[in-house]
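*Asks:* Dropping the sequence and predicted coords here.
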Amino acid sequence: MGYRSQVGLVVQVEDFEGKLLKEAQVVQDLVRILLSEADDIETDDGLLGSFHYALYRWNDIKWYDEYVGVEWIGKYRNVASETTSFIRLGEEVCDLEEEHCTTDDCPFHLGWSREITW
């Protein structure tokens, strides 16, 4: 079982791929596997600017920092915060990580809510 999270990630594709290609092949493979396991993947095809963005969303994932793919994405977020958005909602109500890109080129705006419905 394990602790599960909902995760949303937006990256500027050219920058993300460029930095990923500098890593060892095993790291590249693990990051690509993680991305391919996303429940939803959308791209903007560069409609708002000269850069392309991709949105990845995982609905029920073990997002542990010690996993190589998750660790690399965390490091990438630290160096590319202007062009990266990230939200992780953990199982606990107060377990939340949230960062938003600051560039006007970013076409995807992540948000979250916890609500009671009937």
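*Replies:* Okay, I see it. Residues are numbered from 1 along each chain as shown.

*Asks:* List the buried residues for stretch 79-87?
*Replies:* T83, T84, S85, F86, I87 (16 or more other C-beta atoms under 10 Å). All C-beta spots, glycine's among them, are computed from the backbone N, C-alpha and C.

*Asks:* Quick check: end-to-end length of that stretch?
*Replies:* Start to finish, the residues bounding stretch 79-87 are 17 Å apart (C-alpha to C-alpha, to the nearest Å).

*Asks:* Report the mean per-residue pLDDT for it.
*Replies:* For stretch 79-87, mean pLDDT is 93.

*Asks:* how far is it from where the chain is centred?
*Replies:* With C-alpha atoms, centre = their mean, to the nearest Å as the basis, stretch 79-87 stands 8 Å off its chain's centre.

*Asks:* swap in stretch 20-33?
*Replies:* Distance, centroid of stretch 20-33 to centroid of chain: 15 Å (C-alpha atoms, centre = their mean).

*Asks:* One more: stretch 65-80?
*Replies:* The answer for stretch 65-80 is 10 Å, by C-alpha atoms, centre = their mean.

*Asks:* can you list contacts of that stretch?
*Replies:* The contact list for stretch 65-80 (C-beta atoms under 8 Å, 6 or more residues apart in numbering) reads 9, 11-12, 15-16, 19-20, 23, 26-27, 30-31, 33-35, 63-64, 84, 86, 99.

*Asks:* picking that back up, could I get the buried residues of stretch 79-87 as CSV with distance to L110?
*Replies:* Below are the buried residues of stretch 79-87 laid out as CSV (distance: C-beta to C-beta, whole Å):
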residue, distance to L110
T83, 13
T84, 10
S85, 5
F86, 8
I87, 5
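
*Asks:* So which of those residues sit within strands?
*Replies:* Counting by DSSP state E, those place S85, F86, I87 in strands.

*Asks:* measure the first one to E98 for me?
*Replies:* Read that as S85. 9 Å (C-beta to C-beta, to the nearest Å).

*Asks:* May I have the distance across stretch 88-108, first residue to last?
*Replies:* 16 Å.

*Asks:* No further queries at this time; thank you.
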